[in-house]
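[1] Got a sequence here, can you model it:
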Amino acid sequence: MRLKWVALCTAAMIALPMAAAEAAELRIGFTADALTLDPANHRNRETQTIIRNMHDGLLTRDSQMNVVPELAESWTALDPTTYEFKLRRGVAFHDGSPMTAADVKFTFDRLTGEGAMDGQTSPRKSLLGPLKEVKVIDDRTFHMILEEPWPILPAMLPFQEVVSKAHVEKVGTAGMAGSVSGTGPFKLVEWRRGDSVIMERYDGYYGGAADIPPMGKACVDRVIFKVIPENASRVAALLAGDVHIINGLPTHNVKQVESNPNTRVMAVNGTRSTFIALNNQTAPFDDLRVRRAVAYALDRKLIVDKILDGNATLIDGILSPDAFGKNEALPTYGYDLAKAKALLAEAGHADGIDVTLDVDGANKETAEAIASLLTKAGIRTKVAVNEASQLKARYRTKGKPIDGQMWLTSWGNGSLDPVGIFVPTHRTAGRGNSSGYSNTEVDALLDAANTETDRAKRASLYARAEAIVNKDLPKVYLWVAKDLYGVSNQVAGWQPSADSRINLHDACLK
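    Okay, the predicted model is just below:
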C-alpha cells in the first residue's frame, strides 16, 4: 500500500509540470530588463513596455498610432484648459478592488507633485506639462485642469498608467519598484532581476480598449519577458524556438530570420530620429559652411541601403515623416562631394579638418561608414566609442558647455507630436539640445505652438520652425529607422506599434 501511495504521488508530481507546459506561454526575447515596475519612477521605453502589459492608461494608441479610450470611456474638452473624463464601468485592479476616479487623482497627483513619492519627485512630471489639478466629480467622472492651454494632453496620456491608491499606500514608493496591482491584462508572478519578468493572465480583466478588438481576457495564459541584451543570442533564441518574439532585430539578421521556415520579420515605421549633433558653440562647427559641408559629404541613402538594408526613411529635419506638423517641403542636402569640399575651402579649410565623431557601441558600424564618407571630403574623422551615459553627460548636461565635436545619436518621439522631440532638441538650453543651438525666432515659434489650440495654426508654427532649422543646420539629420521584430510563425493576432510598445493582450499562440 505504501509503495502504491508513493507511486501515485510521484505520478501527480510529474503531471503538474506537464500541465503547466500545455498552457499557452508566450516568451519575448527582450533587449533590456525593467529598471523598476513603478509606472511613475522611470523614463525608459523598455521599462514602459513591460509595465504597460500589467497596467492600463486612461487612453492608449492603436497600431496606427491613433489615440483611443482605454480606462476612460470618453473625454471632452470643456474649454482650452479643462478636460472632462468618464471612466469605464467594471474595471478592477489585480487585487480585486474597483478602480475609481480617486485612484486617477492619486496617480496624477503622485506624478506631478513635488516630493509626492515619499519625498521624491517623479521623473515623468515634465511629460504632463501644465497639468495643475485633477478634480474628482464622482466615482466615474473627473476633470483635468491645466494652467494654460496644452492641446497635446490626450496625446501624452497613453504614456501614463493608473495605479491603485490603496496599493501604493500599502507598499510605499520603495515597494512599488517590485510590486504590481494594475488594471492590465496580465498580473505579475515574479521579477527575476536581470533575467526575466514573468506574468500570467488576469482573468478579472475588463477587456481593454473597445477601439482595439477583440475585447476580453488576454489570449495566452502566461507571458515571460526574457532579458537577452546580446543581439546574436536573441536571434539564436528565436531561431531555436526558445522565444516567440524578439525586439531590436539587427538589419543584418533580417534575411536569416526570413529564410527560416518557422519565423518571419515584422516591421513598423519607428519614431526615433537619428542625427549627428554638431557642436555649434566652438570651431569648426560654429561655422554654418562647415556644418553644410558635413551634410553634403554624406551619402545617406548609401548608408541606409548598405547598413540598414533599406529599413529607414531619410529626413531633412528633426521630425519623422509621420509626425504632426512635419514640413513636407524642406530642401534636401543631397550627396555632393564637390560642394562639400568647396564649402570647406570657403570657410578657410582648403586643406581639410580633423574631427572626432562620438558614438556608443551599438552604432559603431554606422559611425565608421559616416567617418569614411566625411574623410573623402576632407573632413578627416576619427570614431570614438563611449558608453551612452557618458556621452549624454558630455553633450546634454544643462548649464555646462558641450564636451565634444560630433555625436551620432537619436531622439525618440512616441507621441509623434513635435513637443516631444523638437522642443527638447532645438529650443535654447533644451534638455536634449546636444548642439548648443540657440535661435530666438525658433524659440518663439515653439513656445507659441505649445499653447496654440487651432490644429492648422499649430502645424504651421512647427513647419516654419523646421524650415529655419533646416537652414541653420545645427545637426545633420539622417533618417528614421524602422523598428524590426523577429516573430515565430506560432504567433497570431499581434502587430508591432510605432511607439515601440509590445502590447500582448491580443497575441495568441497557434
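[2] Every contact and neighbour count from this point should use C-alpha atoms.
    OK.
[3] low-scoring stretches of the chain, by residue?
    For the chain, the stretches with pLDDT under 70 are 1-22.
[4] so how far is R272 from S415?
    11 Å (Cα to Cα, to the nearest Å).
[5] ok, now which ones touch the closest residue to P98 other than its chain neighbours?
    Nearest in space to P98, with sequence neighbours left out and distances taken as Cα to Cα, 6 or more residues apart in numbering, is A92 at 4.3 Å. Residues counted as contacts of A92 (Cα atoms under 8 Å, 6 or more residues apart in numbering) are 98-99, 183, 204-206.
[6] Same check on R291?
    Contacts of R291 (Cα under 8 Å, 6+ apart): 278, 285, 473-476.
[7] Please identify which pair of the residues you listed lies farthest apart.
    Greatest spatial distance among the contacts of R291 (Cα to Cα): F285 and V476, at 11.3 Å.
[8] what is in contact with those two at once?
    278, 291.
[9] how far away is the residue lying closest to P69 once chain neighbours are set aside from S74?
    The spatial neighbour of P69 that comes closest, neighbours along the chain excluded (Cα to Cα, 6+ apart), is L59 at 4.5 Å. According to Cα to Cα, L59 stands 9 Å off from S74.
[10] Between these two, which has more neighbouring residues?
    L59 (23 against 16; other Cα atoms under 10 Å).
[11] so how far is P123 from that one?
    Counting by Cα to Cα, the gap from L59 to P123 is 20 Å.
[12] what's the nearest residue to R458 if we skip its chain neighbours?
    Spatial nearest neighbour of R458, chain neighbours left out: A449 (5.0 Å); criterion: Cα to Cα, 6+ apart.
[13] element containing V476, please.
    Following DSSP states H and E, one finds V476 within strand 475-488.
[14] K341 too?
    In the assignment (DSSP H and E), K341 maps to helix 337-346.
[15] all strands for the stretch 201-350 of the chain, in order.
    Remark: strands assigned in the stretch 201-350 of the chain by DSSP state E, counting those that start in this stretch are 222-227, 245-246, 263-278, 312-314.
[16] strand partners of the first one, parallel vs antiparallel please.
    The strands that strand 222-227 pairs with in its sheet are strand 25-30 (parallel), strand 196-201 (antiparallel) (by DSSP bridges).
[17] Now render those strands as JSON lines, adding mean neighbour count and distance to K86.
    Formatted as JSON lines, the strands paired with strand 222-227 follow (neighbours: other Cα atoms under 10 Å; distance: least, Cα to Cα, whole Å):
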{"stretch": "strand 25-30", "mean neighbour count": "23", "distance to K86": "34"}
{"stretch": "strand 196-201", "mean neighbour count": "21", "distance to K86": "26"}
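[18] Let's have those in CSV, adding distance to K105.
    CSV is the format used below for those (distance: least, Cα to Cα, whole Å):
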stretch, distance to K105
strand 25-30, 33
strand 196-201, 27
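[19] one step back: which of the strands of the stretch 201-350 of the chain is buried the deepest?
    Looking across these with neighbours counted as mean count of other Cα atoms under 10 Å, the highest average goes to strand 245-246: a mean of 28.
[20] can you list contacts of that strand?
    27-30, 234-235, 238, 485-488.
[21] go again using 6 Å as the cut-off
    28-30, 485-487 (Cα atoms under 6 Å, 6 or more residues apart in numbering).
[22] hey, where'd the helices end up in the stretch 301-450 of the chain?
    In the stretch 301-450 of the chain, helices defined by DSSP state H, counting those that start in this stretch lie at 337-346, 364-376, 388-395, 422-426, 440-451, listed in chain order.
[23] Going by neighbour count, list what's buried in the fourth one.
    Spelled out, it's helix 422-426. By neighbour count on 16 or more other Cα atoms under 10 Å, the buried set for helix 422-426 is 422-426.
[24] what packs against that helix?
    Using 3 or more Cα pairs under 6 Å, 6 or more residues apart in numbering; DSSP states H and E, no helix or strand is in contact with helix 422-426.
[25] repeat that with 10 Å
    Packing partners of helix 422-426 (3 or more Cα pairs under 10 Å, 6 or more residues apart in numbering; DSSP states H and E): strand 406-412, helix 440-451, helix 455-472.
[26] Centre of the chain to that helix, how far?
    Per Cα atoms, centre = their mean, to the nearest Å, the displacement of helix 422-426 from the mean C-alpha position of its chain is 16 Å.
[27] ok, back up a step: in contact with the residue nearest to P69, which residues?
    With contact taken as Cα atoms under 10 Å, 6 or more residues apart in numbering, L59 is in contact with 67-75, 154-161, 209.
[28] what's the answer for D139, then?
    Contacts of D139 by Cα under 10 Å, 6+ apart are 86-87, 89, 99-104.
[29] so of the residues you listed, which ones are in helices?
    Applying DSSP state H to these, the entries found in helices are 101-104.
[30] Those into a markdown table, with extra columns for distance to E133 and neighbour count?
    A markdown table is the format used below for these (distance: Cα to Cα, whole Å; neighbours: other Cα atoms under 10 Å):
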| residue | distance to E133 | neighbour count |
| --- | --- | --- |
| A101 | 13 | 22 |
| A102 | 13 | 19 |
| D103 | 14 | 18 |
| V104 | 11 | 27 |
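[31] Going by distance to R396, which of those residues wins?
    V104 (33.4 Å).
[32] And for the spatially closest residue to the closest one that is not a sequence neighbour, the neighbour number?
    Distance criterion Cα to Cα, 6+ apart; nearest residue to V104, sequence neighbours excluded, is V162 at 6.0 Å. For V162, the neighbour count with other Cα under 10 Å is 24.
[33] so D203 touches F186, yeah?
    Yes - here D203 lies in contact with F186, judged by Cα atoms under 10 Å, at a distance of 8.5 Å.
[34] So between those two, which is more surrounded?
    Neighbours were counted for D203 and for F186 using other Cα under 10 Å; F186 has more, 30 against 15.
[35] For that one, list each beta-bridge partner.
    With DSSP bridges as the rule, F186 is bridged to R201.
[36] dump the residue contacts of it.
    F186 neighbours (Cα under 10 Å, 6+ apart): 51-55, 94, 198-205, 217-218, 220-223, 504-505.
[37] could you redo the last one with a cut-off of 8 Å?
    F186 neighbours (Cα under 8 Å, 6+ apart): 53-54, 199-202, 218, 223.
[38] got it, and I212?
    By Cα under 8 Å, 6+ apart, the contact set of I212 is D62.
[39] how close does it sit to N503?
    11 Å.
[40] again, but for I276
    32 Å.
[41] residue ranges of the strands in the stretch 51-200 of the chain, please?
    Under the criterion DSSP E, counting those that start in this stretch, the stretch 51-200 of the chain contains strands at 59-61, 67-69, 72-79, 82-87, 131-138, 141-146, 186-192, 196-201.
[42] Great, nothing more from me.
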